[in-house]
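1. starting from these lines, generate the structure:
(chains A and B)
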Amino acid sequence: MAHARFVEIGRVAYVNFGPEKGKLCVIIDVVDNKRALVDGPSTGVARQQMPFSRISLTEFVLPVKRNQMSSNVAKIFDSHEVVKKWNSSTAGKHIEHSLRRANLTDFERFKLMIAQKKKSSALKKELKKLTVKH
Amino acid sequence: MVKWYPTEDVQKVRVKRANKPARLRGGVSPGQILILLAGKHQGKRVAFLKQLESGLLLVTGPYKLNGVPLKRVPQAYTVPTSTKIDISGSDFSKVTDAYFAKEKENTKKTEEAFFAPKKEKKPFSDAKKAMQKSVDAGIVNKVADPVVKKYLKTKFRLRNGMFPHTLKF
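-> A predicted model of the protein is given here:
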């Protein structure tokens, strides 16, 4: 519970489904137990209601006030370099990698397969050295 | 008013238009690597040489790499990949639809011929073997990357989690 991420004003969220999929936004207000008012002027998310089922909370919280003006939200967002921090975070990198994996061509997939085979055979070799022989 | 019918049935003359050869789809160009989808060589990755007059695609393995000879393939039975190899050093201008025509056998339909023991299959002609070699030589020599050679040798295979409609080729 201590390390849980809470829905709060200023929490940066990543949109998983819907028309704003793949974008970051900031929670500006909470409508009810299922919806938040979000805004992402720097990332192209218009100020709108967003169901919590569509978003994932990130580790970042910004010092944004409740119902703050979009232009001020943009200023705070940019000054905290949220996009940069997101791209270098584990979750951000994971998303970048899965996007890259989805766009691999047939030849790239083949090269990936060869690399994985090499890696696993090298690992198995080392593992064999370490296992106790009965 | 009742429709007017002629006293004698007149056949409507329909003008038969010549079929245009199939359009080359998917941005395919000579040297592109295709995946064959059907037949003995399904899953094999082959080099596309040119489109023949009949609309079929002329492909070659190359034979040494994956056992696919000079072959005609309908476009519908291929998937084009985004990889291309250099085939400029290869001369396949003499390979046309006529090259693939079957030799006509003079068989008389007589009783003896019917019951006679079946003739042996004709061996693959030396001229065709030579053509295959000359066409392939220009291609295989230009493939510098051993990974590309391995790529042509390996068959395409779907695995768990690979869905053709989401895959990029």
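2. next, count neighbours for A:Gly40.
-> Under the neighbour criterion other CB atoms under 10 Å in any protein chain shown, A:Gly40 is assigned a count of 25. The C-beta positions use only the backbone N, C-alpha and C, and glycine is treated the same way.
3. sec struct for the spatially closest residue to it that is not a sequence neighbour, please.
-> In this structure, A:Gly40 finds its nearest non-sequential neighbour in A:Cys25, 3.6 Å apart by CB to CB, 6 or more residues apart in numbering or on different chains. Recorded secondary structure, A:Cys25: strand (DSSP: H, G, I helix; E, B strand; the rest coil).
4. tell me the secondary structure at A:Gly92.
-> helix.
5. go on, A:Glu59?
-> A:Glu59 is classified as strand under three-state DSSP.
6. these two touch, right, it and A:Ser88?
-> No - using CB atoms under 8 Å, A:Glu59 makes no contact with A:Ser88, being 11.8 Å away.
7. more neighbours: which of the two?
-> Under the neighbour definition other CB under 10 Å, A:Glu59 and A:Ser88 were set side by side, and A:Glu59 has more, 13 against 10.
8. how about the contacts made by residue 50?
-> This is for chain A. Residues in contact with A:Met50 (CB atoms under 8 Å, 6 or more residues apart in numbering or on different chains) are A:13, A:15, A:20, A:25, A:35-38.
9. that's the wrong chain, I wanted chain B
-> Counted by CB under 8 Å, 6+ apart, B:Lys50 has contacts B:30, B:57-58, B:92.
10. please pick the buried ones from those residues.
-> Among the contacts of B:Lys50, those buried by neighbour count (16 or more other CB atoms under 10 Å in any protein chain shown) are B:30, B:57-58, B:92.
11. re earlier: now the contacts of A:Met50 in TSV, with neighbour count?
-> Below are the contacts of A:Met50 laid out as TSV (neighbours: other CB atoms under 10 Å in any protein chain shown):
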residue	neighbour count
A:Ala13	24
A:Val15	20
A:Glu20	21
A:Cys25	28
A:Arg35	16
A:Ala36	23
A:Leu37	18
A:Val38	26
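12. wait, a strand at A:Ile28?
-> Yes - counting by three-state DSSP, A:Ile28 is found in a strand.
13. give me the pLDDT for it.
-> A:Ile28 is assigned a predicted lDDT (pLDDT) of 96.
14. list the buried ones in the helix ranked longest in chain B?
-> In chain B, assigned by DSSP state H, the helix with the most residues is helix B:126-140. Neighbour-count burial for helix B:126-140 flags B:131-132, B:135-136, B:138-140 (criterion: 16+ other CB under 10 Å).
15. one more: stretch B:35-48?
-> In stretch B:35-48, counting by 16+ other CB under 10 Å, buried: B:35-37, B:41, B:44-48.
16. poorly predicted segments of the chain, please.
-> Since you didn't name a chain, this refers to chain A. A:1-2, A:134 (pLDDT under 70).
17. sorry, should have said chain B
-> B:105-114, B:117, B:119-120.
18. how about the residues of chain B by chain A?
-> Contact residues, chain B versus chain A (CB under 8 Å from any CB of the partner chain): B:33, B:35, B:81-83, B:147-148, B:150-151, B:154, B:156, B:166-169.
19. just the buried members of those residues?
-> B:33, B:35, B:81, B:83, B:148, B:151, B:154, B:156, B:169.
20. SS state for the residue lying closest to B:Glu103 once chain neighbours are set aside?
-> The shortest distance from B:Glu103 to any non-neighbouring residue, by CB to CB, 6+ apart, is to B:Lys122 (7.5 Å). Secondary structure, three-state DSSP: B:Lys122 is coil.
21. coming back round to it: roughly how far apart are the residue nearest to A:Gly40 and chain B?
-> A:Cys25 sits 27 Å away from chain B, taking CB to the nearest CB, to the nearest Å as the criterion.
22. let me see the contact set for that residue.
-> A:12-13, A:15, A:38-40, A:43, A:45, A:50, A:55.
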